[in-house]
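[1] Quick one, what's the 3D model for this:
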Amino acid sequence: MSDKHFKFTNALITAPLLFVVVLWLVFWLDFRFDFKFVQNGIYPRSFSGLQGVIFSPFIHADLEHLYNNSIPILVLLAALQFFYPKQSLAVIVYGILLSGMITWIIGRENYHIGASGLIYVLFSFIFFKGIQTKHIRLVALSLAVIVVYGGLVWYIFPTPDVRGEKSISWEGHLAGLLTGFILSIIYKTPEFKKVAKYEWEMPDYDPINDKFMQRFDDSGNFVNLPVVVEEEPVISYFSTDLSVNYIIVVNEKNESKPES
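    The predicted structure follows:
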C-alpha cells in the first residue's frame, strides 16, 4: 500500500468534534439538572460499577477536568482518523471497554470518571503502532506524539495532588496505556510499499569502485584527483597500393545547331 492510504475525509473533523460535543453536552446536563453522573462512573469490583466501563469516559468532575481532556481528544482522534481510518472505530470502542474493565479490576474503591483513559489508549496505540509499521510518516507521528504528550507517562504511577491525596485515577491511565499497546498488536495495518533504495544501500554495493567515494580518503577527507583528459580517437581512412584507371569517352561527333 502506498501513501495514498492517508486521505483527508470529513470524518477527520466531524468525528473528533462530535465526540467532544457529546462530552460537553453531558457535562452541561449534569451541571444544569444536577444529575450527579459521577455515580455512573467505574466503581471497581462492584456489579453496579460495571456501568462505568461504558459511561465513565463521558463524565467529568468539573470544567477544568473537561477542558484538559477535550484538547487531547480532538488532536489524537483526528490523528487516529487520518492515519488509521480502518482501525479508528474499533480502537475507540474496544479501547473504552478494555481499559474500563482493567480499571474496574485494578482500581481503588472510588469512582473513576473522565476521558483520560481513552486519551491514553489513543496515545499508546498511535505511538506503538507507528514504531511497529516502520513507515516513515507513522514513525514521525509516533515521535511527534511522544514529544507533545510524553509527559502523560508520569501519570500512570500513583501521583498525590497538592493536598496529599491520590485523586488522579492513575489506574485508568495505566489501563489505557496497556490497552493501546494491546490493540496496536491485535490490529494489523496494510503493508506499505517499500521505498526505493539508493545504490549505496544495496547489499552488493562496493565503495572502492564507486567514482564518488574515490574522491575521499580513509579518513573521509576530500581528495582532489587529477583530471584525465581523453584524447580524441584518430580516424584512419582506407588506403591501397592498387592503381585505378579512369576511361574517358569523348563524343567526337560535333553537330552544329542553327542559330535563330
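[2] my guess is Leu80 meets Ser124, correct?
    No. Judged on CB atoms under 8 Å, Leu80 makes no contact with Ser124 at a distance of 11.4 Å. (Each C-beta comes from the backbone N, C-alpha and C, glycine too.)
[3] my guess is Gly52 contacts Tyr43, does it?
    Yes. Applying CB under 8 Å, one finds Gly52 in contact with Tyr43, separated by 6.4 Å.
[4] can you list residues touching both of these two?
    Taking CB atoms under 8 Å, 6 or more residues apart in numbering as the contact rule, the neighbours common to Gly52 and Tyr43 are Trp104, Tyr111, His112.
[5] number of nearby residues for the second one?
    Per other CB atoms under 10 Å, the neighbour tally for Tyr111 reads 20.
[6] roughly how far apart are it and Gly151?
    Counting by CB to CB, to the nearest Å, the gap between Tyr111 and Gly151 amounts to 25 Å.
[7] cool, the first one as well?
    Trp104 sits 26 Å away from Gly151, taking CB to CB as the criterion.
[8] For these two, work out which one has more neighbours and name it.
    Set side by side, Trp104 and Gly151 show more neighbours around Trp104, with 22 against 9, by other CB under 10 Å.
[9] For that one, give me its contacts.
    By CB under 8 Å, 6+ apart, Trp104 lies in contact with Ile42, Tyr43, Pro44, Arg45, Gly49, Leu50, Gly52, Val53.
[10] if we go to 6 Å?
    Ile42, Pro44 (CB atoms under 6 Å, 6 or more residues apart in numbering).
[11] likewise Arg215?
    The neighbourhood of Arg215, defined by CB under 6 Å, 6+ apart, consists of Val223.
[12] How many residues are close by Trp154?
    Trp154 sits with 10 neighbouring residues when counted by other CB under 10 Å.
[13] helix, strand or coil for it?
    Assigned state for Trp154: helix (three-state reduction, DSSP: H, G, I helix; E, B strand; the rest coil).
[14] on that earlier part again, Gly52 and Tyr43: which is more packed in?
    Relative neighbour count places Gly52 above the other of Gly52 and Tyr43, with 25 against 21, counting by other CB under 10 Å.
[15] how much space is there between Arg45 and Ser70?
    Look at Arg45 and Ser70: by CB to CB, they are 30 Å apart.
[16] for Leu98, same thing?
    From Leu98 to Ser70 the distance is 23 Å (CB to CB).
[17] Can you name the residues that contact His112?
    Counting by CB under 6 Å, 6+ apart, His112 makes contact with Gly41, Ile42, Thr103, Ser169, Gly172.
[18] cool, and Leu177?
    Leu177 touches Tyr120, Ser124, Ile156, counting by CB under 6 Å, 6+ apart.
[19] quick one, phi psi at it?
    phi -60, psi -40 (degrees, to the nearest 10).
[20] now swap in Phe58 and tell me
    Summarising the backbone geometry of Phe58 under the convention degrees, to the nearest 10, its torsions are phi -100, psi 0.
[21] What of Ile42?
    phi -80, psi 120.
[22] check which helix or strand covers the spatially closest residue to it that is not a sequence neighbour.
    Of all residues beyond its chain neighbours, the one nearest Ile42 is Gly52 (3.3 Å), with distances taken as CB to CB, 6 or more residues apart in numbering. The secondary structure element spanning Gly52 is helix 52-55 (assigned by DSSP states H and E).
[23] Quick check: buried residues in that helix?
    Gly52, Val53, Phe55 (16 or more other CB atoms under 10 Å).
[24] ok now do the last one, which residues does it touch?
    Taking CB under 6 Å, 6+ apart as the definition of contact, the neighbours of Phe55 are Asn40.
[25] Read off the pLDDT value for it.
    Turning to Phe55, the model gives it a pLDDT of 97.
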